[in-house]
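Okay, sequence plus prediction incoming.
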Amino acid sequence: MSDVFLKEQSYGKDGVRLVKVIRTDNWHEIVELTVRVLLEGNFNAAYTKADNSLVVATDTMKNTIYILAKQSSNVQRIEAFAVEIGQHFISTYSHVSKAHIWISKYKWTRMLVNGKLHDHSFLRDGEETRNTKVIVSRKKDVVVEIESGLKDLLVLKTTGSAFYGFLRDKYTTLPETDDRILSTSIDATWNYYIPNISLISQIPFDDIFGSIRQIILDTFSTDNSASVQATLYLMAKLALEKFQQISSIHFELPNKHYFAYDLNRFGLKNTGKDTDIYYPISDPSGLITATVARTKSKL
Ligand SMILES: O=c1[nH]c(=O)c2[nH]c(=O)[nH]c2[nH]1
C-alpha cells in the first residue's frame, strides 16, 4: 500500500497580458494588465487518475479573462475586476471552491504636449506596478479576501538619513553616519477588511491606493530617518491610522547602498561634509521587512 497522497493542488493561467482602450470621443484611456488565475476545487482525479472530465482548460480561463475585460466597466479598478473574475469561476463551475486572482497594472502616464495633456499619447514613467491578489472562496456564503499594493517604486534622497548607535562587535566595520544617501525600491502590500462582500463596491480602492502611495513618498522624503526600519514603521503607522478599511500592511525595503568613493588615495577630500562622489552597489543590499497591524484587528 502506498502512503503517498495528493496533499493540495491548484492550477490556472499565468501571464495573461491584456490591454483595454477606453474611448470617450477623442479622449482615450489605456489600461495594461497582467493577470494570473489559479483555481482550487474537485480536480484531484486529473492528477491521480488522469481523468480530465472536470478540468476547465487553462485556455478557457484565458478566454474568460478577455471576455470579462470586454464586458466589465471595472478593468481600471483592478480589485473590482479581480473580484468579478473570481466570482465568475466560482458561480460557473460548482466544483471550483476557490479562485485566486492576481493582477498587476503597469504605468501609462498621459503625455504633456505643448503644456496640455494629450488625448491619446502615454509614456511609461517607471517600472512601478500596482498589484492586487484576490481570493474568492465558496463557503457558506462567498467570501472575498483582497490584498493590494505597489511594487518597484524606486526612490532616493540625498540627505535626511542617518545610521548610528547600532551594535558594534569584532565583526563590525561599518562607520556610523549622520548623513547618507537613502535609496530603496518600495514593495508594499496591504489587506482590506471586508466584513461583507456587498461592501466591496463601496471601497474606494483607487483613492486608497493613491493616498497610501503619497503617504509613503511624503514619509520617505520628510522623515529624518534613523534607519530604514524606523522610516518603514512610520509609513505603515500613518497608512493604517488613515485608513480603517485596511487591517495590516507589509513592506519589503531593500537598502540600496551608495558608498562614498575613496578619493583620499588621490589627494581629494571625499569624506564627511565633502562627500559628493558615490558608487552605487547593486548587490548585496540590506533588506528590511515588516508587517504592521492593529492590536484590535478585525481579521
Ligand atoms: O537603515 C539601516 N538599517 C540597518 O539595519 C542597516 N545595516 C547596515 O549595515 N546599514 C543599515 N541601515
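Structure's in. What do you need?

burial of Arg265, as a residue count?
Neighbourhood size, Arg265 [other C-beta atoms under 10 Å]: 8. The C-beta positions use only the backbone N, C-alpha and C, and glycine is treated the same way.

ok, it to the ligand distance?
Noted for Arg265: a distance of 23 Å to the ligand, by C-beta to the nearest ligand atom, to the nearest Å.

quick one: stretch 164-178 near the ligand?
Yes: for stretch 164-178 and the ligand, the contact criterion (C-beta under 6 Å from any ligand atom) is met by Leu174.

wait, what's in contact with Glu145?
Contact partners of Glu145, counting by C-beta atoms under 8 Å, 6 or more residues apart in numbering, are Val134, Ile135, Ser137, Asn191, Ile194.

Just send these back as JSON lines, with pLDDT too.
What follows is the contacts of Glu145, written out as JSON lines (pLDDT from 0 to 100):
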{"residue": "Val134", "pLDDT": "98"}
{"residue": "Ile135", "pLDDT": "98"}
{"residue": "Ser137", "pLDDT": "97"}
{"residue": "Asn191", "pLDDT": "98"}
{"residue": "Ile194", "pLDDT": "92"}
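
ok, which residues in this structure are in contact with the ligand?
Neighbours of the ligand within the chain, by C-beta under 6 Å from any ligand atom: Phe163, Leu174, Ser227, Val228, Gln229, Asn255, Gly286.

Neighbours of the first one, how many?
Other residues near Phe163 number 21, with proximity taken as other C-beta under 10 Å.

I am assuming it contacts Pro175, so please confirm or correct that.
No: contact criterion C-beta atoms under 8 Å: Phe163 and Pro175 do not qualify, at 9.5 Å.

Show me the strands in the stretch 151-299 of the chain, by range?
Counting by DSSP state E, counting those that start in this stretch, the stretch 151-299 of the chain has strands at residues 182-192, 246-255, 258-260, 278-280, 286-293.

Select, out of those strands, the one closest to Arg130.
strand 182-192 (10.6 Å; C-beta to C-beta).

Any regions of the stretch 151-299 of the chain where pLDDT drops low?
Scanning the stretch 151-299 of the chain for pLDDT under 70 picks out 297-299.

Swap in 80 and give it another go.
Residues of the stretch 151-299 of the chain meeting the criterion pLDDT under 80: 296-299.

Tell me what Pro254 is bridged to.
Leu287 (DSSP bridges).

Likewise for the one 4 residues further on?
Counting by DSSP bridges, Tyr258 is bridged to Pro280.

wait, doesn't it sit right on Pro280?
Yes: between Tyr258 and Pro280 there is a contact under C-beta under 8 Å: 5.1 Å.

Neighbour count for these two, which is higher?
Legend: neighbour count by other C-beta under 10 Å for Tyr258 and Pro280, higher for Tyr258 (17 against 11).

contacting residues around stretch 209-226?
Residues contacting stretch 209-226 (C-beta under 8 Å, 6+ apart): 130, 148, 150, 153, 155, 157, 160-163, 182, 184, 186, 188, 190, 230-231, 234-235, 238-239, 242-243, 249.

Tell me how far Gly115 lies from Glu29.
Going from Gly115 to Glu29 by C-beta to C-beta, to the nearest Å gives 21 Å.

With neighbour numbers in mind, choose between the two.
Of the pair Gly115 and Glu29, Glu29 is the one with more neighbours under other C-beta under 10 Å, namely 16 against 5.

Now the more buried one: closest residue in space, sequence neighbours ignored.
Using C-beta to C-beta, 6 or more residues apart in numbering and skipping residues adjacent in sequence, the residue nearest Glu29 is Ile22, 4.2 Å away.

Can you pull the phi/psi pair for that neighbour?
phi -110, psi 120 (degrees, to the nearest 10).

List the contacts of Lys256.
For Lys256, the contact set (C-beta under 8 Å, 6+ apart) comprises Leu156, Ser183, Thr184, Ser185, Pro280, Ile281, Ser282, Ser285.
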